[in-house]
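1. Quick one, what's the 3D model for this:
(chains A and B)
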Amino acid sequence: MQALISLDNAPPLAAPLRFFLSAPLFLMLAGLLLAVAGPEVFASRWLPATLALVHLVTIGFMLQVMIGAMIQVLPVVAGASLPRPLALARFVHAALSVGALLLAAGFLSGGAALLRLAALLLALGVGAFLLAAMPVVLPQVSTSPTIRGLKLSLFGLAGVAGLGVALALGLAHGWRLPYPELADLHAGWGLAAWAGVLLAAMAYVMMPMFQLTPGYPARPSWWYPPLLLGLVLLWSLAVALGWPLLTRLTQGMLAVVGLAFTGLTLRLQRQRRRARADATSRYWLAGLCAALGALAMLAAATLWPAVTVWPAWTPLFAILLLAGAFVSFIAGMLYKIVPFLTWMHLQLKMQPGLPAPNMNRLLPDPAMRRQALSYLMALALLLGAAVAPSWLARPAGILLALAGGWLWWNLLGTAWRYRLQAIALAGASDERAQRAGG
Amino acid sequence: MTPIRSFMTADHRHCDNLFAAAEEAMAKGDLGAGKIAFEQFREALQNHFSAEEKTLFPSFEVKTGMTMGPTRVMRMEHEQMRILLDEAAKALERGDGDDYLGQAETLLIMMQQHNLKEENMLYPMCDEHLAAEASAVLAHLETDLSSAT
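-> Predicted structure coming up:
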């Protein structure tokens, strides 16, 4: 009977919105860090500034939006109502925001206490979310590939967080760990088993919904999430047993599976029935192209490991996958989700029969399109900076900070217009009540 | 077998196609074609709502005794979408293409998330609870959808 109650059970707006409004600030911060640290960020993935930058994007931006979105969609899509969503959102949001900042500060300063505290906060934030979500999500029957994907992604989140906390504590305490292998595996859990699976589960729903594409074919949709999770588990086994060949094989298979999904998504995009190219469709197209590039690089690196010796290889791969693919997909989704949620909550406050301002009034199309363009320019500069860091690293950082700030400004404007309308509506209904009373 | 789910889901896709045709005409700036396509879409969507409100929801409510459950939420969302339909129609009357596209965007997402709940939750529940009378309900729904056009 869970499903019955949940139809009515969308969480309060403040629960998901806090994640969506603070996430772009971390993108801005990542850009500022790049502008300050400059070319050295591209020299090695192990440098303090590089680690800080990557985690500002992955935890500060990606993880925040992903958890905020999950709090919103779990009741609607999976019929799973989280207990006390607002209190949960407040706690998780605070833990992740402060945790991401402390982690970045810990990397930059090398301070063991900061790393320990960051690991504790992030473990608490993710742990609280998983403890709330797992008991209501896992018992749901997987009646659609989306529900199966949402369920499996929670294991991916547990995996990436567990490994991340172990690595941070390892650094803080100077434990002797196989850091390169574990860091790769940590990224595999985060980007394939958590973000990749969640992205697929959401794409199954969102692509037909926002763009009127045909649905994903059923069989691959059912198999894609368990396949990704299975491959990451196999990769973990390979690392545990110390079998580098199996590690390479699973990475190669992840690349192939990811390429197939991306290719299929691009084909569906071409069949979309909406003629208009809006900011979201541009973001997604850019994201899909970047994903194709990143996954082709991953496939190439497993076949010919020598290519990774090229100094620009690793930064190019990371930029394509994180900034190019995931950040673009997420920004595109934010531009649909935030105006729609604010509209929906306003509509619920309206007197019966009266219209709320439509989505384009809450977030005008031109503002989104220009911001998307600025982000794509930042992406181009970032890719250029991977090849010519001494010239382009700082400009790329500045542009990334601007594009992140602009995204924040656009979403904040929507929240502000919502607030003004909501206050006006509350005032009007007070007046009516007074008149009726008098 | 999920006869109600399949039948009603197919009608959702039919409405989607009509929506896309209207939006395409408007995006091309063809107001005349847009108005005709929008009217077809509006009619199809309203028929869908009334088939649910007159046939499917009451059958479900009688059988399960739940009048304040999922069908109440679905009826409320129908009301919200009727407002959006009216606002979109007014924008077309004024020849205000931008406002139309804004209303249409909002309506589309509202409609899609509503459909999602029906297709994944309510229709499967209808198939489960109305298994015995499924063919009669389906015949009724078919008449509702065709007689109204």
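2. List the contacts of A:A119.
-> Residues counted as contacts of A:A119 (Cβ atoms under 8 Å, 6 or more residues apart in numbering or on different chains) are A:103, A:164-165, A:168-169, A:172. For every residue, glycine as well, the C-beta is placed using N, CA and C.
3. and if we set it to 6 Å?
-> Contact analysis of A:A119 by Cβ atoms under 6 Å, 6 or more residues apart in numbering or on different chains lists A:165, A:168-169.
4. Tell me the one among these nearest to chain B.
-> Checking the contacts of A:A119 against chain B with Cβ to the nearest Cβ, the nearest one is A:V165 at 34.9 Å.
5. Verify the stated contact: the closest one with A:L121.
-> No - contact criterion Cβ atoms under 6 Å: A:V165 and A:L121 do not qualify, at 10.2 Å.
6. So B:F38 is in contact with B:E23, correct?
-> No - counting by Cβ under 6 Å, B:F38 stays clear of B:E23, with 8.8 Å between them.
7. Considering the contacts of A:A119, which is situated nearest to A:P220?
-> Lowest distance from A:P220 to the contacts of A:A119 (Cβ to Cβ) belongs to A:V165, with 33.3 Å.
8. since we're on the closest residue to A:R45 other than its chain neighbours, how many residues are nearby?
-> Spatial nearest neighbour of A:R45, excluding adjacent residues (Cβ to Cβ, 6 or more residues apart in numbering or on different chains): A:T314 at 5.7 Å. A:T314: 18 surrounding residues under other Cβ atoms under 10 Å in any protein chain shown.
9. again, but for A:P305
-> A:P305 has 11 neighbours, counted by other Cβ under 10 Å.
10. Alpha carbons only: can I get whichever strand or helix holds B:F41 in PDB?
-> Using DSSP states H and E, B:F41 maps to helix B:31-51. Extracted in PDB, the C-alpha atoms of helix B:31-51 (Å, rounded to 0.1, in the frame of the first residue of the first chain):
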ATOM      1  CA  LEU B  31       0.100  30.100 -35.800                       C
ATOM      2  CA  GLY B  32      -2.800  28.800 -38.000                       C
ATOM      3  CA  ALA B  33      -1.500  25.200 -38.100                       C
ATOM      4  CA  GLY B  34      -0.500  25.500 -34.400                       C
ATOM      5  CA  LYS B  35      -4.100  26.400 -33.400                       C
ATOM      6  CA  ILE B  36      -5.600  23.500 -35.300                       C
ATOM      7  CA  ALA B  37      -3.000  21.000 -34.000                       C
ATOM      8  CA  PHE B  38      -3.500  22.400 -30.400                       C
ATOM      9  CA  GLU B  39      -7.200  22.000 -30.600                       C
ATOM     10  CA  GLN B  40      -6.800  18.300 -31.600                       C
ATOM     11  CA  PHE B  41      -4.400  17.800 -28.700                       C
ATOM     12  CA  ARG B  42      -6.700  19.600 -26.300                       C
ATOM     13  CA  GLU B  43      -9.700  17.400 -27.300                       C
ATOM     14  CA  ALA B  44      -7.700  14.200 -27.100                       C
ATOM     15  CA  LEU B  45      -6.400  15.100 -23.600                       C
ATOM     16  CA  GLN B  46      -9.800  16.100 -22.300                       C
ATOM     17  CA  ASN B  47     -11.300  12.900 -23.600                       C
ATOM     18  CA  HIS B  48      -8.600  11.000 -21.800                       C
ATOM     19  CA  PHE B  49      -9.300  12.800 -18.600                       C
ATOM     20  CA  SER B  50     -13.100  12.300 -18.800                       C
ATOM     21  CA  ALA B  51     -12.700   8.600 -19.700                       C
END
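11. hmm, that helix touching chain A?
-> No - remark: helix B:31-51 sits outside contact range of chain A, by Cβ under 6 Å from any Cβ of the partner chain, the gap being at least 11.5 Å.
12. report the angle between the axes of the helix or strand just after that helix and helix B:31-51?
-> Following helix B:31-51 in sequence order, the next helix or strand is helix B:57-64 (DSSP H and E). Relative orientation of helix B:57-64 and helix B:31-51, computed by axes from the mean of the first three to the mean of the last three Cα atoms, to 10 degrees: 20 degrees.
13. residues in contact with helix B:57-64?
-> Outside of helix B:57-64, the residues within contact range by Cβ under 6 Å, 6+ apart are B:67, B:71, B:126, B:129-130, B:137.
14. rerun that using 7 Å as the cut-off
-> Identification of contacts with helix B:57-64 by Cβ atoms under 7 Å, 6 or more residues apart in numbering or on different chains yields B:67, B:71, B:74-75, B:126, B:129-130, B:137.
15. Would you mind checking those residues for buried ones?
-> Among the contacts of helix B:57-64, those buried by neighbour count (16 or more other Cβ atoms under 10 Å in any protein chain shown) are B:71, B:74, B:126, B:129-130, B:137.
16. Give me the subset of the residues you listed lying in helices.
-> Of these, the ones assigned to helices by DSSP state H are B:71, B:74, B:126, B:129, B:137.
17. can you list the residues of chain B near chain A?
-> Proximity of chain B to chain A is confined to B:16-17, B:20, B:23-24, B:27, B:69-70, B:73, B:80, B:83, B:87, B:101-103, B:105-106, B:109, B:112-113, B:116-117, B:120-121, B:124 under the rule Cβ under 7 Å from any Cβ of the partner chain.
18. Looking at chain B, which residue is nearest chain A?
-> For chain B, Cβ to the nearest Cβ, closest residue to chain A: B:G102, 3.1 Å.
19. The spatially closest residue to that residue that is not a sequence neighbour: neighbouring residues, count only.
-> What sits nearest to B:G102 in space, not counting adjacent residues and going by Cβ to Cβ, 6+ apart, is A:N360, at 3.1 Å. Number of residues near A:N360 (other Cβ under 10 Å) recorded here: 21.
20. same question, the one 5 residues further on
-> Look at A:D365: counted by other Cβ under 10 Å, it has 17 neighbours.
21. Before we move on, what's the pLDDT of it?
-> As predicted, A:D365 sits at a pLDDT of 92.
22. Excluding sequence neighbours, find me the nearest residue to it.
-> If the residues on either side of it in the chain are set aside, A:D365 comes closest to A:D278, at 6.4 Å by Cβ to Cβ, 6+ apart.
23. do you know how far the one you found is from B:L108?
-> Using Cβ to Cβ, to the nearest Å, A:D278 is found at 11 Å from B:L108.
24. same check, this time on A:G353
-> Distance, A:G353 to B:L108, using Cβ to Cβ: 21 Å.
25. out of everything not next to it in sequence, what's closest to A:W284?
-> A:G332 (4.9 Å).
26. Return the residues in contact with the residue in the stretch 101-250 of chain A that chain B sits nearest to.
-> Per Cβ to the nearest Cβ, the residue of the stretch 101-250 of chain A with the smallest distance to chain B is A:M209, at 3.9 Å. Applying Cβ under 7 Å, 6+ apart to A:M209 gives the contacts B:109, B:112-113.
27. now swap in A:M62 and tell me
-> Contacts for A:M62 (Cβ under 7 Å, 6+ apart) come out as A:195, A:326, A:330.
28. Neighbour-wise, give me the winner out of these.
-> Greatest neighbour count in the contacts of A:M62, by other Cβ under 10 Å, goes to A:I330: 27 neighbours.
29. What helix or strand is the closest residue in space to A:V57 that isn't next to it in sequence located in?
-> Sequence neighbours aside, A:A30 is the residue nearest to A:V57 in space, at 5.1 Å (criterion: Cβ to Cβ, 6+ apart). A:A30 is part of helix A:14-37, with elements assigned from DSSP H and E.
30. How far off centre is that helix?
-> On the basis of Cα atoms, centre = their mean, to the nearest Å, helix A:14-37 sits 12 Å off its chain's mean C-alpha point.
31. How about stretch A:89-97?
-> Here stretch A:89-97 is found 15 Å from its chain centre; the criterion is Cα atoms, centre = their mean.
32. Likewise for stretch A:310-320?
-> For stretch A:310-320, the distance to the chain centre is 20 Å (Cα atoms, centre = their mean).
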